[in-house]
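In: heads up, no residue letters with this:
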């Protein structure tokens, strides 16, 4: 199953956290594409700016298992959900954004991600790794949905997560 993950971080060394997460993800699934690294303004309380990226996976795991593994990678990077403020700073956030046109409305998982279309920092990198993917509720490709939405995003170089700025 093709799954798009969004990565975000604004504590510690985000590019390093993303590379470590990518290593962990590659043990779970086949990594098909990796977006560029982006800089974005935070949503929520005052905090440092974010780094964001997206990864396209071909995953053999059921979605809830993949979610659990992503949360384990977050914990390994130092994230403690029990102590953080909603939309507050974090060393690593991995969100399941879209999965092969699947719609899930569960207690632990909602797909497509409920705020994907409102957040250029998630939508633009997702469209970069899977421009042809169709949002199952908006019925349009990610490329079409992302067109003109990059306000507030600054690309920090090509895929590879080596910050240049």
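Out: Structure's in. What do you need? Bear in mind the structure is a predicted one, so any value in this text is a computation, not a measurement.
In: need the strands for this structure, in chain order.
Out: 2-9, 30-34, 38-40, 50-58, 93-99, 104-105, 110-111, 134-135, 140-141, 153-155 (DSSP state E).
In: pick the most deeply packed of these.
Out: strand 2-9 (a mean of 26; mean count of other CB atoms under 10 Å). Where you see a C-beta, it was placed from the backbone N, CA and C, and this is true even at glycine.
In: about what we covered before: lowest average pLDDT across the strands of the chain?
Out: Of all these, the segment with the smallest mean pLDDT is strand 153-155, scoring a mean of 84.
In: low-confidence stretches in the protein?
Out: Scanning the chain for pLDDT under 70 picks out 158-165.
In: could you pull out the helices in it for me?
Out: Counting by DSSP state H, the segments of the chain that form helices are 14-28, 63-76, 120-129, 142-146.
In: quick one, phi psi at the closest residue to residue 143 other than its chain neighbours?
Out: In space, and not counting its chain neighbours, residue 143 is closest to residue 131: 3.7 Å by CB to CB, 6 or more residues apart in numbering. Dihedral pair for residue 131: phi -60, psi -30, per degrees, to the nearest 10.
In: which residues touch residue 131?
Out: Contact analysis of residue 131 by CB atoms under 8 Å, 6 or more residues apart in numbering lists 141-143.
In: understood, closing this out.
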